[in-house]
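Trainee: pasting the sequence and the predicted coordinates here, then a few questions.
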Amino acid sequence: MTDHDIRVLDDSQYRTAHTLFRGTLHHPPAPDDTWKLAQESYEEGRALGAFADGEMVGTVQSFPSHLAVPGGGVVQHGAVSRVGVRADWTRRGVLSALQRAQLRNMRSTGDVVATLRASETAIYGRYGYGVATRYRSLTIDRRRAAPRTRPVGRVRLVESEVGERIARELFDDLSPRRPGTISRWPAWWSLNFRRSTAEDNYRMAVRSASPGAPDDGYVVFKVVPRDYGSSDSKPTTLAVTDLWARTAEAWADLWLFVLGIDLVEKITAHGRPLDEPVPWLLGDRRACQVADEDDETWLRLLDVPAALAARTYRPAEPVVIGVRDTYLPDNAGSYRIAPDGVTRVDDAPELVLDVDVLASTYLGDVSFTTLAETRRLDVVDPAALERADALFAVPQAPWCGTYF
Ligand SMILES: CC(C)(COP(=O)(O)OP(=O)(O)OC[C@H]1O[C@@H](n2cnc3c(N)ncnc32)[C@H](O)[C@@H]1OP(=O)(O)O)[C@@H](O)C(=O)NCCC(=O)NCCS
C-alpha cells in the first residue's frame with residue numbers, strides 16, 4: 001500500500017500539473033498568455049498525476065510524435081516531458097510510480113519508443129532509458145574562418161510568419177532522413193519555434209538550388225550585437241538555432257550564408273550532430289572550436305520486438321541477444337537479429353543486456369564492443385560482438401535536433 005496514487009489527468013487538471021512542474025524547476029506559474037500556448041500541448045490520456053492527501057504532488061506528460069530509425073522507417077513515439085515531483089514529496093517513490101504507469105500507458109497507446117531529455121543523468125537508467133544520441137557545440141571565429149568554397153544555390157531571408165510555414169513543411173520532409181530525428185507536434189511549433197522567432201533579432205533564411213526552385217533547407221539564427229558603448233562588450237555573436245537541409249549542397253550553402261554575414265565576429269551552434277563537417281568547410285579549421293559533446297536523446301524501447309523489427313540491419317551473420325527489462329517484462333527474452341529480419345527465439349543468447357543498454361545501440365550511437373569494454377553487457381560468446389557491431393552499424397551519427 002503506497003501513500004499516493006497515479007491517475008490520468010483530465011483537462012481541468014492540466015494547469016495545476018503545469019504549475020507543479022514549473023515549480024520543480026524553480027519557475028513561477030506561467031502567465032495566462034504562455035499558459036494558453038502550453039495548454040494546447042496537453043494531449044488527452046498523455047498527462048499523469050500523482051495524488052496524495054487530496055493534492056497533486058507529481059506529474060509526467062508525453063507529446064505524440066514519430067522517431068526515425070536506421071533504414072528510413074519511422075515508429076510511433078512518445079516525447080516525455082514535464083516530469084516533476086513536488087519538493088516535499090521527493091525520494092518517496094513518486095517518480096517511480098509515475099514512470100511505471102507512464103511506460104505502460106504509452107505502450108498501450110501504440111508508442112513503440114519513448115524519448116526524453118534528462119535534467120540529471122542519474123534518474124532515468126533505472127526505468128530503461130539509455131543515451132541513444134549525442135550532440136556537440138560549435139564556436140566559430142568568423143573572421144578567421146575563410147570558407148574554402150562559394151555558395152552554389154540561392155539563400156534568401158524570409159519574415160518569421162512565412163518562415164514558420166516554410167520551416168514546418170520542410171522539416172517534416174527533411175528530418176526523417178537522419179535516425180534519431182523526431183516529428184514536431186503542432187504545439188512544439190507554437191511554443192518553441194514561434195515564441196523564439198518572435199523575439200527581436202531572430203532571422204530565418206531559406207535555400208533553393210536556384211531562384212524559384214523548390215526550397216531545400218532553412219536556417220534560423222539570432223544575432224546579439226556588440227555594445228560599442230561599453231569597454232568590456234562581448235563580440236557580435238550569431239547563434240544558429242535550427243538548421244536543416246535536404247542535400248549536402250543545401251547544407252553547405254546555409255553554413256556559407258551565415259559565415260558570410262558582415263559585422264559578425266563569433267558564430268555559435270549548440271546541439272549539432274557529432275558528424276557535421278563544418279570544420280572541413282573552412283580554410284582555417286582551427287577557427288571552429290568543437291566542444292561540449294553531451295547526451296541528447298534518452299531512449300526507452302517500449303515494445304522491443306516492434307522496435308527491433310522497424311529498423312534495418314547491415315550485412316553480417318546473425319546474432320542472438322538476450323534482453324532484460326524489469327519495468328516492462330514482456331520485452332524480456334532472446335532475439336535473433338539478421339539482415340533479413342528479427343525473430344523472437346528460445347535460443348541461448350550470445351550477448352545479454354538490460355533494455356537501457358540496448359537503447360544505446362538501437363540507433364547506432366555506440367557499438368556493442370564499446371559497451372562490452374565498459375562492462376555494460378554480458379558477453380557469452382565474444383565472437384558475437386563483431387557480428388552485432390556490423391549488423392547495427394549506421395552510416396550517419398544519429399541525432400535528434402529538436403529540444404522539448
Ligand atoms: C527528479 C524527480 C522527478 C525525482 O522524483 P522522486 O519522486 O524523488 O523520485 P523517486 O523517489 O521515485 O526515486 C527513484 C529513484 O531515483 C533516485 N533519484 C531520483 N531523483 C534523483 C536525482 N535527481 N538524482 C539522483 N537520483 C535520483 C532516487 O534516489 C531513487 O533511487 P532508489 O530507487 O535507488 O531508491 C524530482 O526530484 C524532481 O522533480 N526534480 C526536479 C525537477 C526535475 O529534475 N525533473 C526532471 C526533468 S527531466
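Mentor: Yep, it's here.
Trainee: what does this protein have sitting close to the ligand?
Mentor: With the criterion set to C-beta under 6 Å from any ligand atom, the chain comes near the ligand through 24-25, 83-85, 90-96, 118-120, 122-123. (Glycine included, C-beta is placed from N, CA and C.)
Trainee: got a PyMOL select line for the buried ones in those?
Mentor: To isolate the buried subset of those in PyMOL, counting by 16 or more other C-beta atoms under 10 Å, use the following:
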select buried, resi 24+83+84+85+92+94+95+118
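Trainee: now intersect the residues of the chain next to the ligand with the strands, please.
Mentor: Cross-referencing the residues of the chain next to the ligand against strands under DSSP state E gives 83-85.
Trainee: ok, A250 touching V219?
Mentor: No - using C-beta atoms under 8 Å, A250 is not in contact with V219; the gap is 10.0 Å.
Trainee: what sits in contact with each of these two?
Mentor: Common contacts of A250 and V219, defined by C-beta atoms under 8 Å, 6 or more residues apart in numbering, comprise R207.
Trainee: for T297, pull up the helix or strand it's in.
Mentor: Element membership of T297, judged by DSSP states H and E, is strand 288-301.
Trainee: next SSE downstream of that strand?
Mentor: Next element after strand 288-301 (DSSP H and E): helix 304-310.
Trainee: restricting to C-alpha, output that next one in PDB.
Mentor: Below are the C-alpha coordinates for helix 304-310, written out as PDB (Å, rounded to 0.1, in the frame of the first residue of the first chain):
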ATOM      1  CA  VAL A 304      11.200  -4.300 -28.100                       C
ATOM      2  CA  PRO A 305      10.100  -6.700 -30.800                       C
ATOM      3  CA  ALA A 306       8.400  -3.900 -32.800                       C
ATOM      4  CA  ALA A 307      11.300  -1.600 -32.400                       C
ATOM      5  CA  LEU A 308      13.900  -4.100 -33.500                       C
ATOM      6  CA  ALA A 309      11.700  -5.100 -36.500                       C
ATOM      7  CA  ALA A 310      11.300  -1.400 -37.500                       C
END
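Trainee: mind listing residues that contact that helix?
Mentor: Contacts for helix 304-310 (C-beta under 8 Å, 6+ apart): 69, 73-75, 112-113, 301, 323, 325, 331, 335, 337, 341-342, 344, 355, 358, 362.
Trainee: figure out the helix or strand that D356 lives in.
Mentor: Secondary structure from DSSP H and E places D356 in helix 355-362.
Trainee: what packs against that helix?
Mentor: For helix 355-362, the packing partners by 3 or more C-beta pairs under 8 Å, 6 or more residues apart in numbering; DSSP states H and E come out as strand 129-141, strand 288-301, helix 304-310, strand 319-324, helix 368-373, helix 383-392.
Trainee: which one of the ones you listed has the lowest average pLDDT?
Mentor: Mean pLDDT per stretch puts strand 288-301 lowest among the helices and strands packed on helix 355-362, at a mean of 94.
Trainee: pull out the buried residues from that strand.
Mentor: So, applying 16+ other C-beta under 10 Å, buried residues of strand 288-301: 288, 295-301.
Trainee: which one of these is nearest the ligand?
Mentor: Checking the buried residues of strand 288-301 against the ligand by C-beta to the nearest ligand atom gives W298 as the nearest, at 8.8 Å.
Trainee: off-centre distance for the helix-or-strand element of the chain with minimal mean pLDDT?
Mentor: In the chain, the helix or strand scored least confidently by mean pLDDT, DSSP states H and E is helix 194-197, which has a mean of 80. Distance of helix 194-197 from its chain centroid, counting by C-alpha atoms, centre = their mean, to the nearest Å, is 19 Å.
Trainee: what does whichever helix or strand W188 is part of contact?
Mentor: Secondary structure from DSSP H and E places W188 in helix 186-188. Contact partners of helix 186-188, identified using C-beta under 8 Å, 6+ apart, comprise 37-38, 40-41, 63, 402, 404.
Trainee: now a PyMOL select for only the buried ones of those.
Mentor: Here is the PyMOL command that selects the buried residues among the contacts of helix 186-188 (16+ other C-beta under 10 Å):
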select buried, resi 38+41+63+402+404
